[in-house]
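*Asks:* Can you look at this prediction? I've put the sequence above it.
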Amino acid sequence: MTNDKTYEIAYQVGYNDSHYFCHIFKKITGMTTKEYKNQLSNQYSGSTT
C-alpha cells in the first residue's frame, strides 16, 4: 500500500494526465482509484466493510 496521491502514481506509470489515468483505471478494474484504495486499506486492516 502507498500513501502516494493518484496523480503521483499516474505519473510513475507513465500517464501525464491523472484524469485520463483514472478513466482507464476504472475501465480496467471496474472501480475508482478511491474505491480501490479503500478496498486495499480494508484488507490490510482486517475490516470487512
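*Replies:* Received, thanks.

*Asks:* do you know how far the spatially most central residue of the chain is from Thr2?
*Replies:* Nearest to the mean C-alpha position of the chain, counting by Cα atoms, centre = their mean, stands Thr33 at 3.0 Å. Using Cβ to Cβ, to the nearest Å, one gets 11 Å for the distance from Thr33 to Thr2. Every C-beta, even on glycine, is put in place using the N, C-alpha and C of the backbone.

*Asks:* Ile28 now?
*Replies:* Distance from Ile28 to Thr2, by Cβ to Cβ: 18 Å.

*Asks:* ok, back up a step: list the residues that contact both of Thr33 and Thr2?
*Replies:* Shared contacts of Thr33 and Thr2, defined by Cβ atoms under 8 Å, 6 or more residues apart in numbering, are found at Ile9.

*Asks:* ok so, going back, got the confidence number for the residue nearest to the centre of the chain?
*Replies:* Looking at Thr33, its pLDDT stands at 95.

*Asks:* Check the one 5 residues further on too.
*Replies:* Each residue has a pLDDT score; the one for Asn38 is 91.

*Asks:* give me the element it is part of.
*Replies:* Element membership of Asn38 [criterion: DSSP states H and E] is helix 33-45.

*Asks:* buried ones in that helix?
*Replies:* Thr33, Lys37 (16 or more other Cβ atoms under 10 Å).

*Asks:* before we move on, back to that, ok, the residue nearest to the centre of the chain touching His19?
*Replies:* No. With contact defined as Cβ atoms under 8 Å, Thr33 does not count as touching His19 (10.9 Å).
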